[in-house]
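*Asks:* no sequence on this one, just coordinates:
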């Protein structure tokens, strides 16, 4: 039924296409010329020189203590290419020789252990698709205006197939003492970035990952080892992981006290605000793009939740007055990017489009006003408000 | 129960590990020195200079008419990094400007159509994980000896998340005439590589793909457009796709007559041998690797079937006398790489290990002798025999 309706809509599309009866219009092939050999096979491929999609880097004094953003409106599917995975470094990317790297597990354990990479790789491994999102992502949306495009608004998030050893396996091997309740994970970057993590999360789903999308983790993502803490704020997914100390108390490290806390309207601050709440946004059409004429198009975007699977994404094309369920790309993974799609016939009139995600816990992504009513104006982190875009009659798309 | 058994096995692993009570052994960090900033954020990331994993390229006179191989024993999970996706070119990699590229659909249709990339990207899209495998993959295994390692034996296969438009959508838009039964797909490479495809496959699951693992398809994989023909031999997944002609007959093109056919023992040849039958092999431990001492290790490998999902992979550690079911990484996609894993306590004695795949149709991957009994000695293509590896007492692994 909706399938049939879509089919009828498609027929209108034909008018946009150029009818042709020969193949001579394929200019690229004509220019290449018949019989002219292309390039040879190679050891390690590169993308086309015509492809310019890149991370957005900031113009700052210390680009070692900075972030770069994933161009989420210019990627496809749910996997973020490794070269485009967002970055957030607190003292730059260390150049680690994996042969020299070790992971130590110590503290309240029966047997302190030190693992080489080769030792970790002999152990039972798993591969799972998960997003990592900086808790400062969408921080632009706390302002009255909001960011003009997807990369500035939401680009501090990426999604990969991570491979590694369940942290549970390593902790059981070390033998956690009964009174232990926490662990502190430390990176091998110059600032030794550290975060406290409850032991029950570690025993649930945390990975010590050494691979990302089929290859070794990239230097910017923690080469040769990082924690993957599914659904929890990016900062706690400690990169260049070198040490896990088991304890009975959190450590109140710099990056969980002076940063990555939430100042509430009453002047109190939330600490240990780990899970990233459900978020969604439309990537096409989105701010900065231009729709090339009225007619059929497919609205698409991304959704995710740090609390489990995305259950539903609804899209409005009338500024939130009415909503339709979008199709979700299967399979939907827990705590992973979920691609949504909705066919739409744009009538060429000004329109405001917006999406909202509902996760499997029943949580509904809030509108900006709803979020602001709870959180006030002092927050820098954990903004997951809906993001409307306005399409003008000339097809140009701006922040609504 | 098996979980408990594994746990007990793990405990033996501790002996391999170095107990430690301080973190001073982390040489990399010591050398980096405290407070020394690492590298800055960047627009497009590169892998670590310590990573040398590469495609195997041949030393041939014309490397434009050649193949390169994916190092399947050195990648993780089920996604092949784009830079490592195998290649097979018949006249090299053309350098196509996507702004000039067109896809024409013509022949026995009501409305011949020409699409630009931008027009295709407005249409309803899907992302699906599928392998592509050259039908000449594992050709080495027709010889008495077989290849010494995974890359030489099985490296002409890779697996990606492909994004594009179902070919069905485009054909319905063009309006296929009732008497049509076939189509011929043509690439924009110099040799205009072409293959005939039955229309019912096109209406089932073929994609016109423009993206691979989140980014634009790489030049070596058909930039800017390729067919993805799930489960069928690699050659028919036409790269640099520029034309689809609908017809009532196959075209008997060069690459489905002089090549990609199967010479049988009786002198007759099979043609149109499209689906790749179920295959599996162990990637660790595998030929050319060395196991560093007896004790626990995880046997892992890859399996796939061109006829659907992998239902089961069995592993033998005694040369095929007894078999155990391996764990399959979830979710198992149809016509995609499937990662299998089996914990194993190696006693340090010589052992022959081998895997065999069973797909959802009930098909069982044959042993070399079983395959040879049917296919004889004249085949170059479609070898899917099991591949045993021998582990010597010193841990070195060779072709069994």
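*Replies:* On my side now, so go ahead. Not measured: the values here are computed from a predicted model. Numbering: from 1, shown residues only, chains lettered A, B, ... in the order given.
*Asks:* and the stretch 151-300 of chain A, which residues reach chain B?
*Replies:* Where the stretch 151-300 of chain A comes near chain B, counting by Cβ under 8 Å from any Cβ of the partner chain, the residues are A:161, A:163, A:169, A:172-173, A:188-190, A:192, A:210-211, A:213-216, A:218-220, A:223-224, A:242-243, A:292, A:296-298, A:300. Heads up, the C-betas are built off the backbone N, CA and C, glycines and all.
*Asks:* again, 7 Å this time
*Replies:* A:161, A:163, A:172-173, A:188-190, A:211, A:213-216, A:218-220, A:223, A:242-243, A:292, A:296-298 (Cβ under 7 Å from any Cβ of the partner chain).
*Asks:* Of the residues you listed, grab the buried ones for ChimeraX.
*Replies:* Of those, the buried ones can be selected in ChimeraX as follows, counting by 16 or more other Cβ atoms under 10 Å in any protein chain shown:
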select /A:161,163,173,188,189,190,211,213,214,215,216,218,219,220,223,242,243,296,297,298
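*Asks:* Among the residues of the stretch 151-300 of chain A next to chain B, which ones are in strands?
*Replies:* Mapping these onto strands (DSSP state E) picks out A:161, A:163, A:211, A:215-216, A:242-243, A:296-298.
*Asks:* Quick check: beta-bridge partners of whatever residue of the stretch 201-350 of chain A ends up closest to chain B?
*Replies:* Nearest residue of the stretch 201-350 of chain A to chain B (Cβ to the nearest Cβ) works out as residue A:211 at 3.6 Å. Beta-bridge partners recorded for residue A:211 (DSSP bridges): residue A:163, residue A:216.
*Asks:* Tell me the pLDDT of it.
*Replies:* With respect to pLDDT, residue A:211 scores 98.
*Asks:* surely it meets residue B:79?
*Replies:* No: Residue A:211 is beyond contact range of residue B:79, at 9.8 Å (criterion: Cβ atoms under 7 Å).
*Asks:* Would you mind giving the domain segments of chain A?
*Replies:* As recorded under automatic domain parsing, the domains making up chain A are A:72-267, A:279-399.
*Asks:* and residue A:343, backbone torsions?
*Replies:* phi -70, psi 140 (degrees, to the nearest 10).
*Asks:* Can you tell me the closest non-neighbouring residue to residue A:103?
*Replies:* In this structure, residue A:103 finds its nearest non-sequential neighbour in residue A:115, 4.7 Å apart by Cβ to Cβ, 6 or more residues apart in numbering or on different chains.
*Asks:* Give me the neighbour count for that neighbour.
*Replies:* When neighbours are defined as other Cβ atoms under 10 Å in any protein chain shown, residue A:115 has 24 of them.
*Asks:* ranges for the helices of chain A?
*Replies:* A:2-13, A:27-32, A:117-122, A:150-154, A:167-174, A:199-202, A:368-375 (DSSP state H).
*Asks:* Show me what counts as buried in the shortest one.
*Replies:* What that stands for is helix A:199-202. A:199, A:201-202.
*Asks:* what pLDDT, on average, does that helix get?
*Replies:* The average pLDDT within helix A:199-202 is 98.
*Asks:* For residue A:223, which residues are in contact?
*Replies:* A:96, A:216-217, B:48 (Cβ atoms under 7 Å, 6 or more residues apart in numbering or on different chains).
*Asks:* neighbour-wise, which of those residues leads?
*Replies:* Most neighbours among these, by other Cβ under 10 Å: residue A:217, with 29 neighbours.
*Asks:* Without its sequence neighbours, what residue ends up closest to that one?
*Replies:* residue A:223 (4.9 Å).
*Asks:* Okay, the one you found and residue A:244: tell me how far apart.
*Replies:* Distance of residue A:223 to residue A:244, given as Cβ to Cβ, to the nearest Å: 18 Å.
*Asks:* One more: residue A:275?
*Replies:* The value you get for residue A:275 to residue A:244, if Cβ to Cβ is used, is 21 Å.
*Asks:* surely residue A:111 meets residue A:172?
*Replies:* No: here residue A:111 does not reach residue A:172: they are 10.7 Å apart, not a contact under Cβ under 7 Å.
*Asks:* who touches the nearest residue to residue A:160 once chain neighbours are set aside in this structure?
*Replies:* Sequence neighbours aside, residue A:212 is the residue nearest to residue A:160 in space, at 4.7 Å (criterion: Cβ to Cβ, 6+ apart). Applying Cβ under 7 Å, 6+ apart, one finds that residue A:212 lies in contact with A:82, A:160, A:162, A:218, A:221.
*Asks:* Which of the residues you listed ranks first by neighbour count?
*Replies:* residue A:160 (31 neighbours).
*Asks:* quick one, strands of the stretch 51-200 of chain A?
*Replies:* A:67-68, A:87-88, A:103-107, A:113-115, A:126-133, A:157-166, A:182-187, A:194-198 (DSSP state E, counting those that start in this stretch).
*Asks:* pLDDT (mean, whole number) over the first one?
*Replies:* I take that to be strand A:67-68. 96.
*Asks:* right, is it up against chain B?
*Replies:* Yes: residues of strand A:67-68 are located near chain B by Cβ under 7 Å from any Cβ, namely A:67-68.
*Asks:* hmm, back to that, do you know the pLDDT at the residue nearest to residue A:217?
*Replies:* pLDDT, read off for residue A:223, is 98.
*Asks:* do residue A:37 as well
*Replies:* pLDDT, residue A:37: 89.
*Asks:* State the number of residues packed around it.
*Replies:* Neighbours of residue A:37 (other Cβ under 10 Å): 19.
*Asks:* My read is that residue A:251 contacts residue A:184, right?
*Replies:* Yes: Residue A:251 is within contact range of residue A:184, at 4.5 Å (criterion: Cβ under 7 Å).
*Asks:* Quickly list what's touching both of those two.
*Replies:* Common neighbours of residue A:251 and residue A:184 (Cβ under 7 Å, 6+ apart) are A:194, A:196.
*Asks:* Show me which of the two is the more surrounded one.
*Replies:* Just comparing residue A:251 and residue A:184: by other Cβ under 10 Å the higher neighbour count belongs to residue A:184, 21 against 18.
*Asks:* hang on, isn't that one packed against residue A:245?
*Replies:* Yes: contact criterion Cβ under 7 Å: residue A:184 and residue A:245 qualify, at 5.0 Å.
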